Each structure stands twice: as C-alpha cells, then as structure tokens.
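# Sharing a model that was predicted from the sequence below.
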Amino acid sequence: MSSEKIILGHGSGGRMTRDLVRDVFLKHLGDVGPDTLDDGAVLFPDFGKAEEPAFQPLESVSSEITGFGMSALEELQSSENSGSKLPGIGTPGAGQTGKSAPQIVFTTDSYVVSPLEFPGGDIGTLAVCGTVNDLAVMGARPMWLSLGMILEAGLEIGLLERIVKSIAAKAREAGVRIVCGDTKVVEHGKGDGIFINTAGIGVLETPMAPDVINPGDKIIVSGTIGDHGMALLTLRKGFPLRSNLQSDCAPLNGLIAAVLSEVNVKWMRDPTRGGLATALNELTENRPWGIQLEENDIPLSEAVEGVAELLGLDPLYSANEGKVVFVVAESSLEKALEILKNDPLGTDSAVIGTVLEDFPGKTVLKTEMGTLRTLGILASDPLPRIC
C-alpha cells in the first residue's frame, strides 16, 4: 500500500483503488474471495443436489415476495420444466439430465455521490442504473435488486421521497424488481444525507469472451463520453457555466439486449469511475494485443469539450453512467451501429478504435495531430464521490 490511511483517491476506480483491492481485500480474503474483478460474479449453482438445493432460500420465501419479481422466476422454472434452454445459460446440473441450470450473475455496489441530486438524476437513479448496467455488461438479464439505505438524522422527508420515486421509476424502466431492503439511521453529521447499497441478480444469457478478441476487432462506444463526471464537477465546484450539461445516467440493459440479439459481442463494459481510458486499460492489461483509439472519432458533447478545455481535464478519464463500450468483429460493425443508432441511448454511437498487434498490453490514442499517446490507468480521481 502506498498510504497507511484511506484517502479519497482510494475511491477513484483507478490505480489506487486497484492497489487497495489487491493489497488488502484479496490478500486477506484469499480462497474465500472473488476469482475475478469483473463487474459481477458468474455463479454456477448446482440445482440437482437434493440434500442442499441451490436457491432453496429463494424458493422458501417465494410466498413473501409474490409480485416482486416472481414472474421472472416462474419464467425460468417454466423454461426448465419444458426442457427448453435459454440462450447461453450453462449446462444441466447434477441429476438434471435434459434440464438447463441457469448461470447466475451477482453484483453489488454502493453509492455516496455528492450532491444527492444533480442535473440528469440523483443518488437513487445512480443506484438502480449502476447495478443494472453492471449485470447487463456481463451478458446477463437483470432481474432482482436489493436496496439498503443509510439515512442521516435530519434528512428532509421530501428529499427522501424524491429519491425513492427515482428508484421506482428507473426500476420500472429497466424492468427489474426490488425484492428486499433495509434501512438504518445514523446521528446527524455522521452520514452526509443518504448512502445507498444495492445488490443485483441476473441470469447469464450471453457470456463475454475476451479471450477470443483478435487484432482487427473494432471498439464501439454507445455515445458521448464524460457527461456524468463533468456535470458533477461543474455543479459541485459552482462554475457559472451556461450549458445544458447533465449526467447521462440511464439503464442500458434494453440497448445491450438489442445488440446482443443480433451481434456477436466479445466484450463490453460501462466506463464509470476512471472513464473510457481506464476501462480499456483493464481490458488490454497482460494481453498479447493492444488498442488504438482515434481521438477524432471519440464523441464528445460541446458542453463536455468546453469544460474539459477550460479546466485542462481529459474527458477520457471522466465518468459515464449511461454509456457502454463494445468490442466486436469488423464483420459485425455495420449491424451493431445500425441497432445502436436506432435506440435513443445510442444515437451518438461511434467506432472509436481498433485492436492491434502493436502495443501489446496497452491502450494508445492517435491524437488529432497524428501522434501516439499512451493512455495509462487513472491514478487518483480529481473529483471523488461521483457515484
């Protein structure tokens, strides 16, 4: 560890976050910890063990959560009982000859954004969209969420109601159900209004396969980058800017599902903390190939470009909460762009780079001047608490 105490940079999503996870959490969790550091964990439950059936707790409380996502569970059960197999959902478990055992994707996230409300959303919007998107980019169909809220004494009920309404609206938009939750209250001055934790469960339908990425594959982003981070920055710092800059916070599962239905996607990620550059660095690390981005092709809104130039910031490292990056074969490029541009969340989608044999393990940017610049992993975020 580079520091003996936790500092704000440890929450940046960049190099300091990675060091913290490696040197503290993975070090001590060991064999009871996660196998990968993806956005979610793909689980392989054995539905065939009679003595200890997987998801028995879920079945045992089904009467308590009727109307809270059980239609999706019944759909899965119906699919299994009929002998049909959902696309890409694993293999039959022990003792389940002829039946498919769904692979479950499980994720969790916490939200400490400041301020609680901002142009384009609020902490509740983030909580739902962030968790849904983490499941969707793993190739899963998001289904159920939990909702844990830590409230500070003195919080206005009206503000809480607005945030809960946002949670409900985004859950409906994403087609997910909130099936359990918890609320705690801490003393005034100890909680900064509201902190939220969500966990999400989805069914794996299209597993990602980064190992089959090849030189020549193309990088697509679903729209303008840096909107969320720049919107939070200008709001929090009180810059008197005349622009319509706002967060891009949105659930991406519908857009992603449409692409996956017709395109063989090899890898995707929602570039949140650390931005586009950090997300692609995580992909290229220790790979025998690299990625070259084209600066002229990366979509930026006029507002983000203006703020970035004014403050000397790089939008490639600014957070997004409603964008997804795809890696697809060149032969799938035209179809992928057609689907994306027909969706309101993908109208500004663009091809921004190529996988190359050059620069193994690195992400580089071809600048407007034609020079090459290596893009490293973000070390510390200049604006903490953006999600």
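Alright, I've got the coordinates. Nothing here was measured: the structure is a model prediction, and the numbers come from that model. Residues are numbered from 1 along each chain as shown.
# going forward, measure contacts and count neighbours with C-alpha atoms only.
OK.
# from memory residue 365 sits against residue 372, does it?
Yes - Residue 365 is within contact range of residue 372, at 5.6 Å (criterion: CA atoms under 8 Å).
# Look at these two and report which has more neighbours.
residue 365 (20 against 15; other CA atoms under 10 Å).
# Doesn't the more buried one belong to a strand?
Yes - assigned with DSSP: H, G, I helix; E, B strand; the rest coil, residue 365 falls within a strand.
# pLDDT below threshold where in the chain?
1-3, 8, 11-13, 25, 29, 32-33, 39-40, 44-100, 240-242, 380-382 (pLDDT under 70).
# What are the structural domain limits within it?
Domain ranges of the chain: 7-36, 38-48+64-82+99-207, 210-375, per automatic domain parsing.
# The last one: how far from the chain's middle?
Averaged C-alpha coordinates place domain 210-375 at 13 Å from its chain's average position (CA atoms, centre = their mean, to the nearest Å).
# just to revisit the earlier point, any chance you could list residues touching both of residue 365 and residue 372?
Residues touching both residue 365 and residue 372 (CA atoms under 8 Å, 6 or more residues apart in numbering): none.
# Could you save the domains of the chain as TSV and add columns showing distance to residue 385?
Below are the domains of the chain laid out as TSV (distance: least, CA to CA, whole Å):
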stretch	distance to residue 385
domain 7-36	8
domain 38-48+64-82+99-207	5
domain 210-375	9
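# Among the ones you listed, which comes closest to residue 387?
Residue 387 sits nearest to domain 38-48+64-82+99-207 of all the domains of the chain, at 4.5 Å, using CA to CA.
# Which residue would you name as the spatial centre of this structure?
The residue lying closest to the centre of the chain (CA atoms, centre = their mean) is residue 134, at 3.3 Å.
# what comes up buried for the helix or strand where it lies?
Taking DSSP states H and E as the definition, residue 134 sits inside helix 123-136. For helix 123-136, the buried set under the neighbour-count rule, 16 or more other CA atoms under 10 Å, comprises 123-136.
# shouldn't residue 385 be in contact with residue 112?
Yes - using CA under 8 Å, residue 385 is in contact with residue 112, at 5.9 Å.
# Neighbour count for the two, which is higher?
Set residue 385 next to residue 112 and count neighbours by other CA under 10 Å: residue 112 wins out with 20 against 17.
# for that one, what are its contacts?
Residues near residue 112 by CA under 8 Å, 6+ apart: 123, 194, 195, 196, 385, 386, 387.
# Next: residue 195.
Contacts for residue 195 were tallied using CA under 8 Å, 6+ apart; they are 110, 111, 112, 149, 150, 151.
# That one sits in which helix or strand?
If you go by DSSP H and E, residue 195 is part of strand 194-204.
# With residue 307 instead?
Assigned by DSSP H and E, residue 307 falls in helix 302-311.
# Residues contacting whichever helix or strand comes after that helix, please?
Counting by DSSP H and E, the next helix or strand C-terminal to helix 302-311 is strand 325-328. Here strand 325-328 makes contact (CA under 8 Å, 6+ apart) with 213, 217-222, 263-271.
# at 10 Å what do you get?
Applying CA atoms under 10 Å, 6 or more residues apart in numbering, the external contacts of strand 325-328 come out as 137, 210, 213-214, 216-223, 256, 259, 263-271, 276, 279-280, 333, 336, 349-355.
# In helices, which of the residues you listed appear?
Assigned to helices by DSSP state H, the following of the contacts of strand 325-328 qualify: 256, 259, 276, 279, 280, 333, 336.
# Distance check, the second one against residue 205.
Right, residue 259. As judged by CA to CA, to the nearest Å, residue 259 and residue 205 stand 13 Å apart.
# same thing with the fourth one?
Applying CA to CA, the value for residue 279 to residue 205 is 22 Å.
# Give me the three-state assignment for the residue lying closest to residue 176 once chain neighbours are set aside.
The shortest distance from residue 176 to any non-neighbouring residue, by CA to CA, 6 or more residues apart in numbering, is to residue 143 (4.9 Å). Of the three states, residue 143 takes strand under three-state DSSP.
# Restrict the helix holding residue 134 to CA atoms and write it as PDB.
Listed in PDB are the C-alpha atoms of helix 123-136, where the atom choice follows Å, rounded to 0.1, in the frame of the first residue of the first chain:
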ATOM      1  CA  ILE A 123     -28.400   9.100  -5.900                       C
ATOM      2  CA  GLY A 124     -31.500   6.800  -6.400                       C
ATOM      3  CA  THR A 125     -31.200   7.000 -10.200                       C
ATOM      4  CA  LEU A 126     -27.500   6.000  -9.900                       C
ATOM      5  CA  ALA A 127     -28.200   3.100  -7.600                       C
ATOM      6  CA  VAL A 128     -30.600   1.400  -9.900                       C
ATOM      7  CA  CYS A 129     -28.800   2.200 -13.200                       C
ATOM      8  CA  GLY A 130     -25.400   1.400 -11.900                       C
ATOM      9  CA  THR A 131     -26.400  -2.100 -10.600                       C
ATOM     10  CA  VAL A 132     -28.500  -2.900 -13.700                       C
ATOM     11  CA  ASN A 133     -25.700  -1.900 -16.000                       C
ATOM     12  CA  ASP A 134     -23.100  -3.900 -14.100                       C
ATOM     13  CA  LEU A 135     -25.200  -7.000 -14.700                       C
ATOM     14  CA  ALA A 136     -26.000  -6.200 -18.300                       C
END
